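**Student:** no FASTA, just this:
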């Protein structure tokens, strides 16, 4: 199967069966989403959503969090992964947001990556979710699913995966496609045992075709 045909099939299936795809992180404003995405690194959205209500009540705006110490923030986030580092990142991020950006979350990905705790993936999430930019944030789910399906060809890094996906996905669908791949990886094409028996993408999945051929042989 040619790669263009695979992309058409996968995109068509998602458009039909997952017309609405968005982040599962709970937030009410740009600052809250930025905090939640920083916390979600190597942690589940479910866990993040459990601790952010109390965190946001204590620090409802960048100015409030900027006035807090990492030790104070730690008490609210200690059940997430790497809480020591993340508490320092959040304190530093809030201070820079106030001092350098007037308390407003920037839309430019280069500006976003100046903030502590914000790498390329987080910046792309913020740019796509908040500002509807055609950015493809590649986390472990996107990296795994794209490779398994065959949307990427032996990509070794998240950046290589990002570039290949953007090359083949129509610009107006890139932001939504990010969520398609994440949700598919989270609930169907899971890491340890992909649920191929209930997956609607098997017709276009390169790994499924290879597994089926090997089993028949």
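**Tutor:** On my side now, so go ahead. Since the model is a prediction, treat every value here as computed from it, not as a measurement. Numbering: from 1, shown residues only.

**Student:** please count neighbours and contacts with C-alpha atoms only from this point.
**Tutor:** Will do.

**Student:** the residue lying closest to residue 109 once chain neighbours are set aside: which element?
**Tutor:** Leaving out its chain neighbours, the residue that sits closest to residue 109 by C-alpha to C-alpha, 6 or more residues apart in numbering is residue 123, at 5.2 Å. Take DSSP states H and E as the rule and residue 123 turns out to sit in helix 120-131.

**Student:** likewise residue 89?
**Tutor:** helix 83-101.

**Student:** just to revisit the earlier point, ok, then the element right after the helix holding residue 123?
**Tutor:** helix 140-149.

**Student:** show me what that next one is packed against.
**Tutor:** Judged by 3 or more C-alpha pairs under 8 Å, 6 or more residues apart in numbering; DSSP states H and E, helix 140-149 is in contact with helix 158-168, helix 174-187, helix 206-216.

**Student:** and the ones you listed, which is most packed in?
**Tutor:** Highest mean neighbour count among these (mean count of other C-alpha atoms under 10 Å): helix 174-187, with a mean of 22.

**Student:** contact partners of it?
**Tutor:** By C-alpha atoms under 8 Å, 6 or more residues apart in numbering, the residues outside helix 174-187 that reach it are 11, 14, 18, 21-23, 128-129, 132-139, 141-142, 144-146, 166, 169, 190-191.

**Student:** low-scoring pLDDT stretches of this structure, where are they?
**Tutor:** Within the chain, the ranges that satisfy pLDDT under 70 run 217.

**Student:** about what we covered before: of the helices and strands packed on helix 140-149, give the one that comes closest to residue 45.
**Tutor:** helix 174-187 (10.4 Å; C-alpha to C-alpha).

**Student:** tell me the angle that closest one makes with helix 120-131.
**Tutor:** Taking axes from the mean of the first three to the mean of the last three C-alpha atoms, to 10 degrees, one finds that helix 174-187 is oriented at 120 degrees with respect to helix 120-131.

**Student:** quick one on the thing from earlier: quick check on the contacts of helix 174-187: which are buried?
**Tutor:** Neighbour counting with 16 or more other C-alpha atoms under 10 Å marks 11, 14, 18, 21, 23, 128-129, 133-139, 141-142, 144-146, 166, 169, 190 as buried within the contacts of helix 174-187.

**Student:** tell me who's in contact with residue 130.
**Tutor:** residue 30.

**Student:** what does residue 200 give?
**Tutor:** residue 13.
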